[in-house]
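K.L.:
Next one to model:
(one chain, ligands or ions: 2)
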Amino acid sequence: TAQESNLIRATLFPGDGIGPEIADSVKKVFNVADVPIEWEEHFVGTEVDPRTQSFLTWESLESVRRNKVGLKGPMATPIGKGHRSLNLTLRKELNLYANVRPCYSLPGYKTKYDDVDLITIRENTEGEYSGLEHQVVRGVVESLKIITRQASLRVAEYAFHYAKTHGRERVSAIHKANIMQKTDGLFLKCCREVAEKYPEITYEEVVIDNCCMMLVKNPSLFDVLVMPNLYGDIISDLCAGLIGGLGLTPSCNIGEGGIALAEAVHGSAPDIAGKNLANPTALLLSAVTMLRHLDLHDKADKIQDAVLKTIAEGKYRTGDLGGNSTTTDFTKAICDHL
Ligand code: ATP
Ligand code: MG
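P.N.:
Ligands and ions are numbered 1, 2, ... in the order given. Sure thing, here's the model as predicted:
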């Protein structure tokens, strides 16, 4: 039917640990909200696929490349030799160059601040994560931090484009160029070049230590933050802490050719896996970022409102937020709000 042909295909990796439980919650909520998405589910394999050198199958990567959009639950990389970590495989194979983490205060869930509304954009492919470490001589080791013009321009472009298309006014480049003059210096130079093409967006440069202090004292000073890999890792967790922690914070990875792979920030939470205790909010809000990427803003708003209302009401909350609801009861409450 015509309705069926209007469905958008998206890849879904339920993942490990609490992954399948919270992915189930997303599927239920999407159903009730009538989101025009057809999931193509892919599971982490039980054997290494020689084509990817990891437990992720070649077909699952092809699915993301074809659909250009997907949602990923947490994946715990099995211990052992001869394979690549799952997250590294995804990042490299799909060239996921930017990690975008929206971070906003949830009304009704009290933390130190109620006016947090930040976007952190992390360069995801180089910096200290290049894996180039070696011993020079006994007792002396070296780690290479790689910054390239190409990757810096690419993430800066994405940050300004994001700011412009999301009605944001300011982009702050976070750095330590006073010490890392060459590497962070090049990163800043690229950000400046891109900033010139966006005169309507205010551009500023903030040293990372000062940025941490300002974020903790007054997070509303910032809007969109863009930064090299390691700084992004640290700052985005700091921002998550400002609004209530791991169960709540979504993210989206942007890759080559317009790929968007949304994922919760948290891990597989083996301590509560299979017990119907996990908070699906982070994965639900990640799915919302995926809908926004697809310009399905009415569906995104509807789902986001229902999640936030349920948390604000406080009647159904999972254990991490101080409540005693199960994943399924919390999900049902969200569906009722829809
Ligand atoms: P992994 O190795 O996969 O990262 P982990 O042991 O580090 O797993 P995390 O998933 O990082 O565990 O979680 C850290 C803590 O936060 C755990 O106690 C976990 O139960 C809790 N947690 C993480 N995500 C959620 C969630 N969605 N709902 C409730 N609690 C969560
Ligand atoms: Mg972890």
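K.L.:
Only the buried residues of the helix or strand residue 334 falls within, if you could.
P.N.:
Assessed by DSSP states H and E, residue 334 sits inside helix 327-337. For helix 327-337, burial by neighbour count (16 or more other CB atoms under 10 Å) applies to 327, 329-335, 337. The C-beta positions use only the backbone N, C-alpha and C, and glycine is treated the same way.
K.L.:
Of those residues, which are in range of ligand 1?
P.N.:
Near ligand 1, taking CB under 6 Å from any ligand atom as the test, no member of the buried residues of helix 327-337 is found.
K.L.:
Which one of these is nearest to ligand 1?
P.N.:
Among the buried residues of helix 327-337, residue 327 lies closest to ligand 1 (CB to the nearest ligand atom), at 8.3 Å.
K.L.:
hang on, that closest one packs against residue 274?
P.N.:
No - contact criterion CB atoms under 8 Å: residue 327 and residue 274 do not qualify, at 10.6 Å.
K.L.:
Quick check: neighbours shared by those two?
P.N.:
Common contacts of residue 327 and residue 274 (CB atoms under 8 Å, 6 or more residues apart in numbering): residue 21.
K.L.:
picking that back up, the helix holding residue 334 packs against which elements?
P.N.:
Contacts defined by 3 or more CB pairs under 8 Å, 6 or more residues apart in numbering; DSSP states H and E place helix 327-337 against helix 19-32, helix 297-313.
K.L.:
just checking, what packs against the last one?
P.N.:
Helix 297-313 sits against helix 19-32, helix 281-293, helix 327-337, with contacts defined as 3+ CB pairs under 8 Å, 6+ apart.
K.L.:
from the chain's centre, how far out does the last one sit?
P.N.:
If you compare the mean C-alpha spot of helix 327-337 with that of the full chain, they lie 23 Å apart, counting by CA atoms, centre = their mean, to the nearest Å.
K.L.:
what's next to that helix, contact-wise?
P.N.:
21-22, 24-25, 28-29, 32, 276-280, 284, 303, 305-307, 309-310, 313, 315-318, 323, 325.
K.L.:
Select only the buried ones of those residues in ChimeraX?
P.N.:
Buried subset of those, written as a ChimeraX selection, criterion 16+ other CB under 10 Å:
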select :21,22,24,25,28,29,32,277,278,279,280,284,303,306,307,309,310,316,317,318,323,325
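K.L.:
Can you narrow the contacts of helix 327-337 down to the ones near ligand 1?
P.N.:
278-279, 318.
K.L.:
Between these, which sits nearest residue 183?
P.N.:
Within those, the smallest distance to residue 183 is 37.6 Å, found for residue 279 (CB to CB).
K.L.:
my read: that closest one touches residue 244, true?
P.N.:
No - look at residue 279 against residue 244 with CB under 8 Å: they stay out of range, at 10.1 Å.
K.L.:
so what sits against both of those two?
P.N.:
When contacts are counted by CB under 8 Å, 6+ apart, residue 279 and residue 244 have residue 321 as shared neighbours.
K.L.:
Format the helices and strands packed on helix 327-337 as a markdown table; extra columns: mean pLDDT and distance to residue 71.
P.N.:
What follows is the helices and strands packed on helix 327-337, written out as a markdown table (pLDDT from 0 to 100; distance: least, CB to CB, whole Å):
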| stretch | mean pLDDT | distance to residue 71 |
| --- | --- | --- |
| helix 19-32 | 98 | 7 |
| helix 297-313 | 96 | 13 |
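K.L.:
which one is whichever residue of the stretch 101-250 of the chain sits closest to ligand 1 nearest to, not counting chain neighbours?
P.N.:
At 3.8 Å from ligand 1, residue 247 is the closest residue in the stretch 101-250 of the chain, using CB to the nearest ligand atom. Distance criterion CB to CB, 6 or more residues apart in numbering; nearest residue to residue 247, sequence neighbours excluded, is residue 279 at 3.5 Å.
K.L.:
picking up where we left off before, can you lay out the ones next to ligand 1 among the contacts of helix 327-337 as TSV showing pLDDT?
P.N.:
Below are these laid out as TSV (pLDDT from 0 to 100):
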residue	pLDDT
278	97
279	97
318	96
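K.L.:
now the residues you listed as JSON lines including secondary structure?
P.N.:
Putting those into JSON lines (DSSP: H, G, I helix; E, B strand; the rest coil) gives the following:
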{"residue": "278", "secondary structure": "coil"}
{"residue": "279", "secondary structure": "coil"}
{"residue": "318", "secondary structure": "coil"}
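K.L.:
any idea of the pLDDT on the residue of the chain found nearest ligand 1?
P.N.:
Of all residues in the chain, residue 267 sits closest to ligand 1, at 2.0 Å by CB to the nearest ligand atom. Residue 267 is assigned a predicted lDDT (pLDDT) of 92.
K.L.:
Brilliant, that's me finished.
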